[in-house]
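Student: What would the 3D arrangement of this be:
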Amino acid sequence: MFKQMRNAARIIVGSISTVVGVVGIVLPLIPGIPFLLVAAACFSSLEP
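Tutor: This next block holds a predicted model:
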């Protein structure tokens, strides 16, 4: 149960970070690369 909640939280944070990172690449006000790195870290640490 705890593993499923942790995976769900990582998917949510990774998805939000991906969206903000892509918007940050287009807009010069928001740095995009750190958000994409956070998203990569969230998605790479998912457990089956």
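
Student: For residue 11, which three-state class applies?
Tutor: Assigned by DSSP: H, G, I helix; E, B strand; the rest coil, the conformation of residue 11 is helix.

Student: how deep is it tucked in, by neighbour count?
Tutor: 13 (other C-beta atoms under 10 Å). In short, each C-beta sits where N, CA and C put it, glycine included.

Student: next one: the one 4 residues further on
Tutor: Other residues within reach of residue 15 by the criterion other C-beta under 10 Å amount to 13.

Student: so who does it touch?
Tutor: Listed by C-beta atoms under 8 Å, 6 or more residues apart in numbering, the contact set of residue 15 reads residue 39.

Student: Now do the contacts for the spatially most central residue of the chain.
Tutor: Computing the C-alpha centroid of the chain and ranking residues by C-alpha atoms, centre = their mean puts residue 14 first, at 2.1 Å. Contact analysis of residue 14 by C-beta under 8 Å, 6+ apart lists 38, 39, 42, 43.

Student: Quick check: closest non-adjacent residue to it.
Tutor: residue 42 (3.4 Å; C-beta to C-beta, 6 or more residues apart in numbering).

Student: Quick check: the one you found touching residue 11?
Tutor: Yes - if you go by C-beta atoms under 8 Å, residue 42 and residue 11 touch, sitting 7.4 Å apart.

Student: what's the pLDDT at the residue nearest to the centre of the chain?
Tutor: pLDDT for residue 14: 95.

Student: what helix or strand does it sit in?
Tutor: Applying DSSP states H and E as the criterion places residue 14 in helix 2-26.

Student: now residue 29
Tutor: Going by DSSP H and E, residue 29 is not part of any helix or strand.

Student: and residue 17, how many neighbours?
Tutor: With other C-beta under 10 Å as criterion, residue 17 counts 21.

Student: check contacts around it.
Tutor: 35, 36, 38, 39, 42.
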